[in-house]
Structure formats: C-alpha cells, structure tokens
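**Student:** after the sequence you'll find the predicted model.
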Amino acid sequence: MRGSSPRMTKATKIVTMKRSTERILTTHTGSLPRTPRVVEVLLAERHNPGARRAEFDDAVREAVAGAVRKQVECGLDIINDGEQSRTDYTVHVVQRLTGFNGPSTPPLGTGDEEFPELAALLKQFASPFQHRPACSGEVSWKDWPAAAADIARAKEAMTGATAEEFFMTSPSPGQIARYLKNKYYDTEEAYMFALADVMQREYKAIVDAGFILQLDCPDLAMLRHTVYLDKSLEDFRKIVSVNVAALNHAVRDIPAERMRMHVCWGSTMAPRHTDVPLKDIIDIVLAAKPQAVSFPAANGRHEHEWKIWRDVKLPDGKIIIPGVIDSTVNTVEHPEVVADRIANFAGGVGRENVIAGVDCGFGTFAGRVQVDTKIVWMKLASLVEGARLASKHLWAKAA
C-alpha cells in the first residue's frame, strides 16, 4: 500500500521492476512542466555556457525537488526528476558528447506542412531550443560530469520521497541518430552502434544509482512518418530492427528487469493519419531487452490498439505501460474513462502485467507549453484515481 512504500535512500538499489500485484501501479513518461526560472537559465546556458552555472544548478535543483514533491502529492507510484535540467529528451547530449559540430538540420516534420493552418497554430507552441547539429566527427564523452550531476541531483531529490519506484530517462542510440543526422560515419548502422558504445556509460550509471532506466525510443515509430513514408513497410521494419539491435548492444550488461522503454509517434498536436500502426512494429519493439514497454494508447489515433493484445502474446516477463492519459490536450480525463482503458489492457495481458501511464511527456521541449501546467497535475491526479477504480474492479472480479 502507499503508506508502506519504500523511500529512496543513498544506499537504495532496486533489484527488479515492480508489477501490479496488489493494485494497478501508475507512472508517467518522463518530462514534466519546467518552471519559468529553469527555462530562463537553460536559455542563458545555451547562449553563454557556464556564465550562470551556480544559478543554473540552484534553479534546476529547486525544480527537480518540486517535481518530485508534486508527483508524490498526486499519488503516482513510479516517479522521476521530470527532466528539469534538459532542453528536451535528446538534444541535450550535444553539450555532453563530441562530434556534433555539423550544420543544424530543421526539426523533422509530422505531416503539418499538409495543413498550413495547423502549422501556423503550432508555431505558437514552438520551443526556443531548435538547434540540431549534425554529427561531423567521432562521438565520445566530453562532459561526463554533466550527466553524473543529473543523476546525483535526481537521487538527492528523491532521497526520502515516498514512492514504489524511481526511474530516470535517457535517449536510445536510434533516437539520437534520428535527431542528430549522421555526416561522419560510413553508414547509419555504424553511427548508431558508435552511439550505443558511448551511451552505455550513462545507461549503466543510471542503473547503478538505483534507478530504473527508461530508454526513450520514439524512433521506432516516428521514423515511419517523419522520414520513411516513401519506403515499404518491410523496408521500414528492417531499419528499425537495426535500431533495436543497437539498443540491445548498448544495454547488453544491464538486466532486463532494471529497464523500461518508451515508444511513441510524437507529442505534438498532429493529425497522425500517417502513423505506423502498433501492430506493424510490436514484434520488433518486444524484441528489445527492456522488461517494460511504454506507448501511447489514449489519443484518438491509437486508443483502439488495445485490441491487438487479443492476438499478440506478451512474452513471459514483459510488462506494458499503456498511456491512458493524452498528453497533448487540455481535457482532464474522467477517472472512469481511465479505468476503462486500463481494464481493456488488463483483459488482454493480465492485470499484473499492466502499469498505467501517459501517452508522452508533458514537458517534451523546454519553453513549449502545450498543456497548462495546472491541468497537467489535474490529469495525473485523474490517472491515479482511475487506476484506483480499475484496481477495485479488477481485484473484485478475480475474488
């Protein structure tokens, strides 16, 4: 029960990922709204690195502590640092790794150019952090202390926090390659495996600190509609199979039960009519080593996909974390809606194999406010209440 939940201490080592054995556990995808102060110092750091380092550290530490406190207050079971120190979930690696001095490439589209009115609307939500330099040299660590500081800061904030489990996010090799284009390595495969060899240090450090590692892998779905719509589904599957191979290479020494992964089609307001169906990639996704898989299941394009679990057998030991809250709209889902969504998945894979999550991050890009911050916390509270209702129904049904 929540009252007896463990607290993270400096010596905490979480051996295995928790399952929903007594009730449906709750979590989110990773990013949470940043404070205005954090956004301001992140911008300052980009323009003049190090000039306001002390202020940056203070602002981020305060924001992480606040994010942890609010997650606990909402009743979430599995929490994190809210990614407060990063401009987004991928491009922050540019400041930490060598090799990224190539020309900036524009953000990948999501079909918005087909809809000029929508494109104009989305400009209002644009993040000021759009620089995405290409890889023009060998990738290696140049600022490991920044990554180590992120981990230490998160652990400090969560020390004493009451929660079932603590996770921390990091981008997968394929996701970094999707954002930061290759202009140096002979092949895309060589680029991704080079990234895998470098990023394994961060992955291992997160796990060694006592966190569940969440690998962010939007590439496994998003590459279809942002880059490879001109290719056959068969060819696309071959491409993302290589991405999974690189991921598995990077985490080969980390136990599966210490990891989860997030796959998605993007966090923007978009028509999503060109999204690859989950059923067309789920076998490749499930071939990745992490024990748990998080994916959107609340938006209008993918909500019906709970039905695939009638035919897809969840491998032994695997857990799914379907999004039962939409992270792109300001509607606060009714707890009964949340409960129904959870029950659909529990009926397909078993209640103990379901953790209730959110479609995507609420703070994917610093400076981009798509869902009102106050509403974010209302939505997460509804997630928790919906899980409570679903648990009551599912456990009573089994009694």
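**Tutor:** That came through, no problem.
**Student:** please count neighbours and contacts with C-alpha atoms only from this point.
**Tutor:** OK.
**Student:** and the nearest residue to residue 151 once chain neighbours are set aside, how close does it get to residue 80?
**Tutor:** Counting by CA to CA, 6 or more residues apart in numbering, residue 151 lies nearest to residue 206, which is 6.5 Å off, once chain neighbours are set aside. Applying CA to CA, to the nearest Å, the value for residue 206 to residue 80 is 12 Å.
**Student:** what's the answer for residue 295, then?
**Tutor:** 18 Å.
**Student:** please apply the same query to residue 298.
**Tutor:** In terms of CA to CA, residue 298 sits 22 Å off from residue 80.
**Student:** swap in residue 142?
**Tutor:** 25 Å.
**Student:** more neighbours, those two?
**Tutor:** Ranked by neighbour count (other CA atoms under 10 Å), residue 142 and residue 80 place residue 80 first, with 28 against 13.
**Student:** state the pLDDT value of that one.
**Tutor:** Note for residue 80: predicted pLDDT of 96.
**Student:** so it sits right up against residue 166, yeah?
**Tutor:** Yes - in this structure residue 80 lies within contact range of residue 166 using CA atoms under 8 Å: 5.7 Å.
**Student:** now the common contact residues for the two.
**Tutor:** Here residue 80 and residue 166 have residue 158 as joint contacts, going by CA atoms under 8 Å, 6 or more residues apart in numbering.
**Student:** can you give me the helices for the stretch 151-300 of the chain?
**Tutor:** For the stretch 151-300 of the chain, helices defined by DSSP state H, counting those that start in this stretch occupy the ranges 173-179, 188-208, 219-226, 233-250, 282-286.
**Student:** in the chain, what spans have low per-residue confidence?
**Tutor:** 1-15, 47, 106-113, 124-130, 365-367 (pLDDT under 70).
**Student:** what about the strands in it?
**Tutor:** Counting by DSSP state E, the chain has strands at residues 25-26, 78-79, 165-171, 212-216, 259-262, 292-295, 319-322, 355-356.
**Student:** quick revisit: quick check: neighbours shared by residue 206 and residue 80?
**Tutor:** residue 168.
**Student:** circling back: now for the residue nearest to residue 151, how many residues are close by?
**Tutor:** 25.
**Student:** pipe the helices of the stretch 151-300 of the chain into JSON lines and attach distance to residue 39 per row.
**Tutor:** Converted to JSON lines, the helices of the stretch 151-300 of the chain look like this (distance: least, CA to CA, whole Å):
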{"stretch": "helix 173-179", "distance to residue 39": "21"}
{"stretch": "helix 188-208", "distance to residue 39": "24"}
{"stretch": "helix 219-226", "distance to residue 39": "26"}
{"stretch": "helix 233-250", "distance to residue 39": "31"}
{"stretch": "helix 282-286", "distance to residue 39": "33"}
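**Student:** of the ones you listed, flag the one that's most buried.
**Tutor:** helix 173-179 (a mean of 25; mean count of other CA atoms under 10 Å).
**Student:** which outside residues touch that one?
**Tutor:** With CA under 8 Å, 6+ apart, helix 173-179 has contacts from 90-91, 107-108, 132, 188, 191-193, 195-196, 199, 216-220, 223, 243-244, 246-247.
**Student:** if you set the cut-off to 6 Å instead, what comes out?
**Tutor:** When contacts are defined by CA atoms under 6 Å, 6 or more residues apart in numbering, helix 173-179 is touched by residues 192, 195-196, 217, 219, 243.
**Student:** now swap in stretch 26-38 and tell me
**Tutor:** Here stretch 26-38 has contacts from 59, 76-78, 82-84, 355-358, 360-364, using CA under 6 Å, 6+ apart.
**Student:** ok, so of the residues you listed, who is nearest residue 20?
**Tutor:** residue 355 (6.6 Å; CA to CA).
**Student:** tell me what residue 355 is bridged to.
**Tutor:** Beta bridges link residue 355 to residue 25 when assigned by DSSP bridges.
**Student:** in this structure it contacts residue 321, no?
**Tutor:** Yes - between residue 355 and residue 321 there is a contact under CA atoms under 6 Å: 4.8 Å.
**Student:** for residue 154, which residues are in contact?
**Tutor:** residue 81.
**Student:** residue 336 versus that one, what's the distance?
**Tutor:** In terms of CA to CA, residue 154 sits 33 Å off from residue 336.
**Student:** kindly report the same for residue 200.
**Tutor:** From residue 200 to residue 336 the distance is 41 Å (CA to CA).
**Student:** pull the number of nearby residues for the closest residue to residue 44 other than its chain neighbours.
**Tutor:** Leaving aside its sequence neighbours, residue 44 sits nearest to residue 52 (CA to CA, 6+ apart; 7.4 Å). Residue 52: 13 surrounding residues under other CA under 10 Å.
**Student:** phi, psi for residue 52 please.
**Tutor:** phi -130, psi 40 (degrees, to the nearest 10).
**Student:** and it, how far is that from residue 36?
**Tutor:** 16 Å.
**Student:** same deal with residue 53?
**Tutor:** To residue 36, residue 53 is 17 Å away according to CA to CA.
**Student:** mind listing what the closest residue to residue 303 other than its chain neighbours touches?
**Tutor:** Distances taken as CA to CA, 6+ apart place residue 297 nearest to residue 303, at 4.6 Å, with adjacent residues excluded. Each residue near residue 297 by CA under 6 Å, 6+ apart is listed here: 303, 322-324.
**Student:** could you dump those residues into a markdown table and include distance to residue 396 and neighbour count?
**Tutor:** Shown next, in a markdown table, are those (distance: CA to CA, whole Å; neighbours: other CA atoms under 10 Å):
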| residue | distance to residue 396 | neighbour count |
| --- | --- | --- |
| 303 | 25 | 16 |
| 322 | 22 | 25 |
| 323 | 24 | 28 |
| 324 | 21 | 28 |
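**Student:** which of those sits closest to residue 274?
**Tutor:** residue 303 (15.3 Å).
**Student:** what is the neighbour count of the residue lying closest to residue 59 once chain neighbours are set aside?
**Tutor:** Leaving aside its chain neighbours, residue 59 sits nearest to residue 38 (5.7 Å; criterion: CA to CA, 6+ apart). Residues within reach of residue 38, counting by other CA under 10 Å, total 25.
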